[in-house]
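Asks: coords below, sequence missing:
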């Protein structure tokens, strides 16, 4: 059978590098790999123009479009996942020194109310500290450069939620540094923090012990993005879902094995001091497959995210895990 031509759009992570360099191939397909400068650009190209046959997509973008109609279905492949206690930043002059001080504040969020990182941060703060997002005023805009809220995806939110777009010409980074917003929920570290601004700090400065304790108690490693495939392709090629899953898993395993082998040489292939100790700690706590794909290993994380999405008014229904992923891989 002649290989079919497919385009895969995703970010270049270590977990996808083997797909980009061709050392892992998708069986029965002639694949063109594509990426973008930013993840929102990648999502927009998928949503506006169905530019890719297979692509990375943020979970909240997928769930919003699942309700309105989307010609793609998700596979349990998760190329982007990050613990999120570290993603809440505060202006130090606003008197916010613990999570209880967030109530009634003005909080910024990049591009959309309910970014994947924000869904997790709000949900964890709600579960652990009683945070209620609807008690705050939210400002949506560009992180480093002025930008309006995303216009390529629906914006569901609770009716009582108070929000506004950032002022024209204002970025969330500059607003946080100036104290024009009290806090920022951000998937990226804002430039003012990287520049060492004395005006801004993390809500949880020593976040790693908190995130490790969170994992120890919940076994949840927060998931941001999934991989989606065109529905018509899955219908035309019954084995495609399994083949895509296998290829992404093989690519991820190439990366994991690189780090596992590197333990013998103290990870000298990197320039990060004590990387070997970090890898050892991660394997000790998270196991040899610390970045699992599939439903079984991620069911708790996925179900928690779906609960948060509903509780935060971003879904009209409480989705179940089996509702949102390709049936062919529900037993993965």
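Replies: Now that the structure is in, tell me what you want to look at. Bear in mind that the values here come from a model prediction, so they are computed numbers and not experimental data.

Asks: domain assignment for this protein?
Replies: Listed domain ranges for the chain are 4-81+223-255+289-329, 85-218 (source: automatic domain parsing).

Asks: look up how far residue 322 lies from residue 7.
Replies: 28 Å (C-beta to C-beta, to the nearest Å). The way it works is simple: take the backbone N, C-alpha and C, and place the C-beta from them, glycine included.

Asks: which of these two has more neighbours?
Replies: residue 7 (14 against 10; other C-beta atoms under 10 Å).

Asks: check residue 70 and give its pLDDT.
Replies: pLDDT, residue 70: 89.

Asks: show me the contacts for it.
Replies: The contact partners of residue 70, by C-beta atoms under 8 Å, 6 or more residues apart in numbering, come to 62, 228.

Asks: now the domains of the chain in a markdown table, with distance to residue 273?
Replies: Converted to a markdown table, those look like this (distance: least, C-beta to C-beta, whole Å):
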| stretch | distance to residue 273 |
| --- | --- |
| domain 4-81+223-255+289-329 | 19 |
| domain 85-218 | 16 |
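
Asks: out of those domains, which is closest to residue 265?
Replies: domain 4-81+223-255+289-329 (16.6 Å; C-beta to C-beta).

Asks: need the distance between the two termini of the closest one.
Replies: By C-alpha to C-alpha, to the nearest Å, the extent of domain 4-81+223-255+289-329 from end to end equals 22 Å.

Asks: and that domain, how far from the chain's centre?
Replies: 12 Å (C-alpha atoms, centre = their mean, to the nearest Å).

Asks: mind checking which helix or strand the closest residue to residue 320 other than its chain neighbours is in?
Replies: Distances taken as C-beta to C-beta, 6 or more residues apart in numbering place residue 306 nearest to residue 320, at 7.1 Å, with adjacent residues excluded. Here residue 306, judged by DSSP states H and E, is contained in helix 299-311.

Asks: what packs against that helix?
Replies: Applying 3 or more C-beta pairs under 8 Å, 6 or more residues apart in numbering; DSSP states H and E, one finds that helix 299-311 contacts helix 59-68, helix 116-129, helix 321-324.

Asks: quick one: list the elements packing against the last one.
Replies: Yep, that's helix 321-324 we're talking about. Using 3+ C-beta pairs under 8 Å, 6+ apart: helix 321-324 touches helix 59-68, helix 299-311.
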